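[1] Just need the structure, nothing else, for what follows:
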Amino acid sequence: MTLSNNSDTVARFWRKYRFSLAESGVKPAALQWYARHAAAYVKAADGQRLATHSAATVESWLGKLGRVDGMPAWQITQAVDAVRHLLTMAGAPAATEVDWAFWREGGRTLGASHPTIARAMANPPSLPAGNGDGGSRLTPGDRLVAVIRQRNYSIRTEQAYLGWLERYLRFIGGRDPAQAGAAQVKAFLQALAVQGQVAANTQNQALNALVFFYAQVLEQPLGELGAFARAKRPQRLPVVLTADEVRRLLAALQGMPATMAALLYGTGMRLMECLRVRIKDVDFAYGQIVVRDGKGQKDRVVPLPQRLVEPLRQHLEKVRTLHRDDLALGAGAVYLPDALARKYPGAAREWGWQYVFPASRLAADPRGGTVRRHHLHESSLQKAVHAAAKAAGIDKPVSCHALRHSFATHMLEGGYDIRTVQELLGHADVKTTMIYTHVLNRGGLGVVSPLDRV
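    I've put the predicted structure just below:
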């Protein structure tokens, strides 16, 4: 299909496009914006027939769109959906060839949608509570963000603690938290367990967030909270795939998700550890990967599977091309931990510091608004693994973490001692690793069922 200069033809086409969008569930108020994104894509194609558009043509346009400074993440996602619908209508091969999930998730990467984080980006707080007149003008959330950033905690911890503080403030009716205390915190935690029926880890995270807030931000330690209803911690066994199930799962994946899933199973890394791997930490010569700043802020070394050496080399060539394009546009920087960005101003653009699995687009860093290319969003791989498990006919609740469980179990089955597996997994206590011995017991403590004797 080619959009001619005939105004009636063009008008009919866009009416049909909007009608098709409405039928697919797009809200009426959003139709004009979808049409604008689609029209911008058509204009960039410069008269090329939509039915002949390749995946490379589409991804080139989406890549440029992702570099637009100041474009909200939700608009990026909306533009991706608009172009996908347009090409599907036109019957273009790209409609089925483009990895749309990858580009949609790129639209949500590090979106600073939280109002407190957005306010901190515009005017980063520098004073915690009690440090002069400036601190008293900050909201509790602003003060919490300031203290967390002074301690270089992760962005995930910042977002989690901020969320729990806001839920707690709503629970106490918007009162000044400095006037509340242990009794109100205890009541909040008990309500989470009794009325909210949250998991034990969720309740513990809320407790940690509020203990930190009162001790480090308000400088009013809660002290001993005493007894309160605790969420019951279930004793669950990990989901472990058989070797055949792993093969079927990996065979159902393609492209970058296939490489990442194979890396999770082949190294035992956690999902976020895999996403945060930098180029410099992949050592092809020694056949290993250095996992930096893992759980507990510990580094460790994991094996680089020989089967992944060539796929990783080919993948990194594509990443290098992407990085060169970013540098040509004046971008190409990534987040650097601690104070490295101040000590080595040019390091953020160096090849070695780039992520092995970069996001599809540039995004604003919620801790300062700097536009960077972050790593891929974790939901991209999570969705791909879930879909692959269904396609492979695996009935178990397969997740990315199940590949880590499978790595540990299969290592023990292969004869490696539990201390070695503990070190590879980065467990602080060998008791945590011992849970994987449950599969080795075969049939519940290794006994033979009496049914098999009759």
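[2] mind listing the strands for this structure?
    282-283, 288-291, 300-303, 363-364, 371-372 (DSSP state E).
[3] of all the ones you listed, which lies closest to residue 311?
    Residue 311 lies closest, by C-beta to C-beta, to one member of the strands of the chain: strand 282-283, at 12.1 Å. To be clear about C-beta, it is placed using only N, CA and C from the backbone, and glycine gets the same treatment.
[4] For that closest one, which strands pair with it and how are they oriented?
    strand 288-291 (antiparallel) (DSSP bridges).
[5] What residues does the closest residue to residue 266 other than its chain neighbours make contact with?
    Using C-beta to C-beta, 6 or more residues apart in numbering and skipping residues adjacent in sequence, the residue nearest residue 266 is residue 305, 3.7 Å away. The contact partners of residue 305, by C-beta atoms under 8 Å, 6 or more residues apart in numbering, come to 262, 263, 266, 267.
[6] ok, back up a step: the strands of the chain: which one's closest to residue 330?
    strand 371-372 (10.0 Å).
[7] Which among the contacts of residue 305 count as buried?
    Buried residues within these, defined by neighbour count using 16 or more other C-beta atoms under 10 Å: 262, 263, 266, 267.
[8] Could you single out the nearest of those to residue 434?
    residue 267 (20.5 Å).
[9] Against residue 426, how distant is the closest residue in space to that closest one that isn't next to it in sequence?
    Excluding the flanking residues, the one nearest residue 267 by C-beta to C-beta, 6+ apart is residue 302, at 4.1 Å. Residue 302 sits 9 Å away from residue 426, going by C-beta to C-beta, to the nearest Å.
[10] Could you check which of the two has the larger neighbour count?
    Using other C-beta atoms under 10 Å, the more surrounded residue of residue 302 and residue 426 is residue 302, with 23 against 19.
[11] Tell me who's in contact with the more buried one.
    267, 268, 269, 288, 289, 291, 424.
[12] which one of the residues you listed sits closest to residue 36?
    Out of the contacts of residue 302, the member with the shortest distance to residue 36 (by C-beta to C-beta) is residue 269, at 41.6 Å.
[13] what's around the closest one, how many residues?
    Around residue 269 there are 27 residues (other C-beta under 10 Å).
[14] mind listing what it touches?
    Counting by C-beta under 8 Å, 6+ apart, residue 269 has contacts 263, 277, 289, 291, 302, 404.
[15] of these, closest to residue 39?
    residue 277 (39.5 Å).
[16] The closest one and residue 289 touch, don't they?
    Yes: counting by C-beta atoms under 8 Å, residue 289 is a contact partner of residue 277 at 6.3 Å.
[17] Of the two, give the one with the bigger neighbour count.
    residue 289 (26 against 22).
[18] measure that one to residue 316 for me?
    13 Å.
[19] residue contacts, residue 61?
    Residue 61 touches 41, 44, 83, counting by C-beta under 8 Å, 6+ apart.
[20] Of those, which belong to helices?
    Judged by DSSP state H, helices contain the following of those: 41, 44, 83.
[21] returning to that earlier point: what touches both of residue 302 and residue 426?
    residue 291.
[22] follow-up on the earlier one: identify the contacts common to residue 289 and residue 316.
    Shared contacts of residue 289 and residue 316, defined by C-beta under 8 Å, 6+ apart, comprise residue 282.
[23] With pLDDT as new columns, can the contacts of residue 302 be given to me in TSV?
    Converted to TSV, the contacts of residue 302 look like this (pLDDT from 0 to 100):
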residue	pLDDT
267	94
268	93
269	94
288	93
289	94
291	93
424	92
